[in-house]
Every structure is written in C-alpha cells, then in structure tokens.
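Visitor: Show me how the following folds:
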Amino acid sequence: MRGRATTHPTLISALWPTGRQAEALRWILLVVGGSLLMTASAKIQVPFWPVPMTMQPFAALVIGAAFGPRLGFAAVAFYLLQGAVGLPVFAGGPEKGIGLAYLAGPTGGYLIGFPLAAWVVGMLARRGWDRTFGRAVVAFLIGDAVIFLCGMTWLGMLIGADKVLAAGLLPFLPGEVLKITLAAVLLPAAWRLIRARRD
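Guide: Residues are numbered from 1 along each chain as shown. Reported below is the predicted structural model:
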C-alpha cells in the first residue's frame, strides 16, 4: 500500500509563518497582494519577438508556487473577479475593454486558465517541485500547458480550430520559454536563500 505524498511548506509559509489568530488577516493581505501583482504584470508589456509579452503567466505560476494551491488560486481568482466587475486590471484595459465583455473576448480562456494553473503549480510545489531547477521547469511547463489549453479551447471556438495554433500558441512560445526559465530559476534560488539564512 502506497503512502500519501509528502507535503512541503510553501515559500510564503517559510517566509511568513503565522499562528491561527493572524491567519485570516494573512490570507486577506496575500490574496490582495497577489491580485495586485497580477494587475501589475498585466500592465507591463515587454518588447519581444515575434509578439510583445506581458508577464501575467509568469505571475500566475509564481504566485501558485509561492502561495500553494488554495491561496494561489484565491489570489489569482480575486484578480479575475476585479476584472469581471469592471475594474481596469486586464492587459490593454480600459482601452481594449473591461468587465465580462473582456472575459468573453479572445483572451478570456487564457485568463480563466490563470487560477487553474496557479492551483496545479501550487499542488506540485507542495510536493517539493519548486526546490530544484529541473523539477521547477516541469511544474511550470505543466502550469503553462493548463493556461494554453484553456486559452486555445476558447479561442478556437471564436476563430476556428484550424487557426488556433497559429494565432493562440506559436507566436507566444519564445516568450513562454523565457518566463518558465525565469520562474524556474527564481523559486529554487529563493529556497536556497532561506536555507542559507537558517544555517
């Protein structure tokens, strides 16, 4: 009979441990802080080839890994909720639209994929997949695949399945490789710093 998978503390719990009395306040602050990070990542557009990139997928994956599945999902979902009610938190907003109309547009599937990816990566991080570069790359690849699966499914319904690879995946692959590599360097480096401080 196989035992249960070993769970590890998340990065945020190692950096900010808390007792039961402060848990609700900690959750609120982290959810709000994570949603603000998602907003900032949407507003920063990095010149890149073949298309400019935002750092939203990077932020969603890192929040999931650092916060864990439930807290990471909640933070990214709160960001989507802010956008759904009309706050200009999405990339290109408010010029390119706000609210539910924006979520129904071509990028809506990718946005819905963000909290799901945060949850998946958070689950993998709880099993220690954010501690080494190799495992972190795999964890972030899986999380990114969740984002693109959701995004391409929705986009394909809008523009046709025959166009979705060219429009919804291939132009973004170079940028995703860079973001995944950056995230896979960042998380293990943070854990190394924590271990060094404890030694």
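
Visitor: so who does Leu124 touch?
Guide: Each residue near Leu124 by CB atoms under 8 Å, 6 or more residues apart in numbering is listed here: Ala65, Asp130, Arg135, Ala139, Ile142, Gly143. Where you see a C-beta, it was placed from the backbone N, CA and C, and this is true even at glycine.

Visitor: Swap in 6 Å and give it another go.
Guide: By CB atoms under 6 Å, 6 or more residues apart in numbering, Leu124 lies in contact with Ala139.

Visitor: please renumber so the chain begins at 595
Guide: Shifting the count to begin at 595 puts that one at Leu718.

Visitor: what about it, which helix or strand?
Guide: helix 702-720 (DSSP states H and E).

Visitor: How many neighbouring residues does the closest residue to Ala669 other than its chain neighbours have?
Guide: Excluding the flanking residues, the one nearest Ala669 by CB to CB, 6 or more residues apart in numbering is Gly628, at 2.7 Å. Burial measure for Gly628: 28 neighbouring residues, criterion other CB atoms under 10 Å.

Visitor: can you check the one 5 residues further on too?
Guide: Neighbour count of Thr633, defined by other CB under 10 Å: 21.

Visitor: residues contacting it?
Guide: Val683.

Visitor: Relative to Lys757, how far out is the residue most central in space within the chain?
Guide: Closest to where the C-alpha atoms of the chain average out (CA atoms, centre = their mean) is Ala654, at 1.3 Å. According to CB to CB, to the nearest Å, Ala654 and Lys757 sit 25 Å apart.

Visitor: pLDDT-wise, which helix or strand of the chain ranks last?
Guide: Here the helix or strand of the chain ranked lowest by mean pLDDT, DSSP states H and E is strand 639-640, holding a mean of 85.

Visitor: Return the list of strands paired to it, each annotated with direction.
Guide: strand 647-648 (antiparallel) (DSSP bridges).

Visitor: nearest spatial neighbour of Gly699, skipping sequence neighbours?
Guide: Gly691 (6.5 Å).

Visitor: So the one you found lies in a helix, does it not?
Guide: No: looking at Gly691 with DSSP: H, G, I helix; E, B strand; the rest coil, it is coil, so not inside a helix.
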